[in-house]
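Peer 1: Structural data only, the sequence is not supplied:
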């Protein structure tokens, strides 16, 4: 093991999210390291998104991705593992999308194409995916605001990327860096067992469950999420 270094941190937002989904983390973590949020809005494949992130990322960096951002983070780990010092995967999935699940996206894509983006966003992020609490309505309102600002074309591109996403189980098994898999206990979109499976695949992974959160722990339980991220960022590196 080697002492920790203050690596720059690259954050990748989830579907139809911008930097606001990481605002509590930016405020908490940027005091002692460079923090960069990399959008994934201009490509329609996970590989294309990953390569676009790498174009503007530091030479070596810590990487954290939320939901679709976690899927892109795994692709970055596949194509450029030498550039990643540690990885955090939040509320995500390592497996390709099942045909039945991919088919459910088609009506939402049509809705976005025909001027009903708000309806599509409402079906994409249901209140049941979040933990019960007084903040749930405000978070859903923020999710809608972020999605509407990104627009229908981004929704369609990101939906296609999810439909065609690769299976990353082999990538995770080959990972040799400190990793954290973090999820909310109330997440019904990417259930705990799926998150635990990701952690089991990775040789140097820890598994963290945020009790008072669902699919968006970065916003639902920012203090607990920040504490987990700080612990991960300060963990010792692994000699390769």
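Peer 2: It's in. Values in this document were obtained by computation on a predicted structure and should not be read as measured data.
Peer 1: all helices of this structure, in order?
Peer 2: 23-29, 46-56, 68-79, 99-113, 117-124, 136-150, 152-163, 169-173, 192-201, 217-220, 222-233 (DSSP state H).
Peer 1: mind putting those helices in TSV, mean pLDDT included?
Peer 2: Converted to TSV, those look like this (pLDDT from 0 to 100):
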stretch	mean pLDDT
helix 23-29	98
helix 46-56	98
helix 68-79	98
helix 99-113	96
helix 117-124	96
helix 136-150	97
helix 152-163	98
helix 169-173	97
helix 192-201	95
helix 217-220	98
helix 222-233	98
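Peer 1: can you tell which of those is closest to residue 12?
Peer 2: Closest to residue 12 of the helices of the chain, according to Cβ to Cβ: helix 68-79, at 3.3 Å. C-betas here are computed from N, CA, C, even on glycine.
Peer 1: what comes up buried for that closest one?
Peer 2: Buried positions in helix 68-79, judged by neighbour count with 16 or more other Cβ atoms under 10 Å: 68, 69, 70, 71, 72, 73, 74, 75, 76, 77, 78.
Peer 1: next one: stretch 206-224
Peer 2: 206-210, 212-222, 224.
Peer 1: pLDDT value on the most centrally placed residue in the chain, please?
Peer 2: By Cα atoms, centre = their mean, the chain has its centre lying nearest to residue 66, at 1.4 Å. Note on residue 66: pLDDT of 98.
Peer 1: ditto for residue 93
Peer 2: pLDDT, residue 93: 95.
Peer 1: Confirm for me that it is in contact with residue 69.
Peer 2: No: Residue 93 is beyond contact range of residue 69, at 11.8 Å (criterion: Cβ atoms under 8 Å).
Peer 1: just to revisit the earlier point, and the residue nearest to the centre of the chain, bridged to which residues?
Peer 2: Beta-bridge pairing for residue 66 (DSSP bridges): residue 90.
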